[in-house]
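In: any chance you could fold what I've pasted below:
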Amino acid sequence: MRISNNRESAEEITLDVFADVWRRSGQYDPEGGSVIGWIMNQARSRAIDRLRFEQRKKRVSTYPNDREAEQLEGPTEAIDGRRRRSLVQEALTALTPEERKAIETAFFSELTYSETAVRLNQPLGTVKTRVRSALAKLRKALGNEGDRS
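Out: Okay, the predicted model is just below:
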């Protein structure tokens with residue numbers, strides 16, 4: 001509740017965490033800390049993932065498709081939008097197939113890291129590492145292009 005500041009969201013996160021704890025109980029290692037610490041760490045991570053997702057959702061275009069957005073903007077903005085999409089598509093080629101799959105699953109499906117890990121049947125740490133690496137590569141590729149505009 002302290003992280004999400006939203007009762008409904010905190011309740012959903014709690015349910016998700018307990019379901020995840022039930023599924024992954026065999027992965028608990030007593031040498032890594034107490035059970036309550038293990039659960040609280042998962043809850044904290046899930047709450048932060050949810051908060052980031054909500055913030056990311058606010059930045060997403062409200063237009064369901066590019067054509068509708070282009071009709072509301074001028075020709076210069078439409079051309080600039082197409083150029084940026086082209087640059088992003090080009091930048092995506094710098095990613096490994098695993099990084100691309102992780103980032104597409106997480107961002108385009110609007111999933112948390114935990115949900116992405118479940119969907120890809122991969123450890124949470126692996127998914128986070130791949131997404132972080134992919135974002136760094138995209139920043140680098142797009143940063144060079146952004147300097148030209």
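In: touching the longest helix along the chain from outside, list them.
Out: Longest helix of the chain, by residue count under DSSP state H: helix 35-59. Contact with helix 35-59 is made by 3-4, 9-10, 12-14, 16-17, 20-21, 28, 32-33, 107, 110-114, 124, as judged by C-beta atoms under 8 Å, 6 or more residues apart in numbering. The way it works is simple: take the backbone N, C-alpha and C, and place the C-beta from them, glycine included.
In: and if you look at stretch 15-33?
Out: Stretch 15-33 is contacted from outside by 35, 38-39, 41-43, 46, 114, using C-beta under 8 Å, 6+ apart.
In: if we can go back for a sec, so what's the gap between the longest helix of the chain and the chain middle?
Out: From the chain centre to the centre of helix 35-59 is a distance of 11 Å (C-alpha atoms, centre = their mean, to the nearest Å).
In: buried set for that helix?
Out: 38-39, 42-43, 45-47, 49-51, 53 (16 or more other C-beta atoms under 10 Å).
In: how about the helices in this structure?
Out: Counting by DSSP H, the helices of the chain are 7-23, 35-59, 66-72, 75-92, 97-103, 113-120, 124-146.
In: okay, those helices in JSON lines with mean pLDDT next?
Out: Shown next, in JSON lines, are the helices of the chain (pLDDT from 0 to 100):
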{"stretch": "helix 7-23", "mean pLDDT": "85"}
{"stretch": "helix 35-59", "mean pLDDT": "82"}
{"stretch": "helix 66-72", "mean pLDDT": "53"}
{"stretch": "helix 75-92", "mean pLDDT": "76"}
{"stretch": "helix 97-103", "mean pLDDT": "89"}
{"stretch": "helix 113-120", "mean pLDDT": "88"}
{"stretch": "helix 124-146", "mean pLDDT": "82"}
